[in-house]
Structure formats: structure tokens, C-alpha cells
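S.K.: One predicted model, sequence on top.
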Amino acid sequence: MPKYSVTFARPARKELEALPASIVQRIFPKIESLAKEQRPAGCRKLKGSTDLWRIRVGAYRVTYSIFDDIVQVEIIAVRHRSDAYD
């Protein structure tokens, strides 16, 4: 399986930068691991969407899209679970 590049949508980057460092230290390794395993155990395809997936990291949710044709994962949002599905 090829290693995918991981990119961030601008809003996702801002959401990540706004989080406390201790939370980022837990979330960032999970995001980096998406380069090797785009559909890890526990990931879910979001209903009502053709290409959105999410992984859980504690109380936070990382929403992302997988582009198999260009070997890329784009992080769309990094939010607390209470805000993740608005």
C-alpha cells in the first residue's frame, strides 16, 4: 500500500492550532498515521457524504477525505465531539 500525503484544509489547520498543546500531542500522531493506513480500525464513513471519514481521538473527531487517485488524505476538520457534526 503506498504512503499517502496528508494535507490540511485551512479551517482544519486553524482548529488544530487553537487547541491546547496536550490535545495536539494526542491528535497529531493519529493524523500522521493516516498516511500509512487511511481506513484504520474504528474509522467511520460519515452518512450523507460520499467521501468523508472520521476517526476518534478521545473526545475529539478528525474528519477527512481520502483521494485514492492522487494518493492523498485531506484533513477537513478537527473538533470536539460536541461540535463535530454541525
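M.R.: Received it, and whenever you're ready, just let me know what you need. Residues are numbered from 1 along each chain as shown.
S.K.: Same question for the spatially most central residue of the chain, what's its three-state structure.
M.R.: The centroid of the chain falls nearest to Val62 when counting by CA atoms, centre = their mean (3.5 Å). Following DSSP: H, G, I helix; E, B strand; the rest coil, Val62 is assigned to strand.
S.K.: what sits against it?
M.R.: Going by CB atoms under 8 Å, 6 or more residues apart in numbering, Val62 touches Ile27, Lys30, Ile31, Arg54, Ile55, Ile75, Ala77, Val78. To be clear about C-beta, it is placed using only N, CA and C from the backbone, and glycine gets the same treatment.
S.K.: these two touch, right, the last one and Lys30?
M.R.: No: under the contact definition of CB atoms under 8 Å, Val78 does not touch Lys30, with a separation of 10.0 Å.
S.K.: Now do the helices in the protein.
M.R.: 10-18, 21-33 (DSSP state H).
S.K.: would JSON lines of those with distance to Val71 and mean pLDDT be doable?
M.R.: Formatted as JSON lines, these follow (distance: least, CB to CB, whole Å; pLDDT from 0 to 100):
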{"stretch": "helix 10-18", "distance to Val71": "19", "mean pLDDT": "95"}
{"stretch": "helix 21-33", "distance to Val71": "15", "mean pLDDT": "95"}
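S.K.: Columns distance to Thr50 on top of those, output as JSON lines?
M.R.: Listed next are the helices of the chain as JSON lines, based on distance: least, CB to CB, whole Å:
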{"stretch": "helix 10-18", "distance to Thr50": "19"}
{"stretch": "helix 21-33", "distance to Thr50": "22"}
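S.K.: Could you save those as JSON lines and add columns showing mean neighbour count and distance to Tyr4?
M.R.: Converted to JSON lines, these look like this (neighbours: other CB atoms under 10 Å; distance: least, CB to CB, whole Å):
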{"stretch": "helix 10-18", "mean neighbour count": "14", "distance to Tyr4": "16"}
{"stretch": "helix 21-33", "mean neighbour count": "13", "distance to Tyr4": "11"}
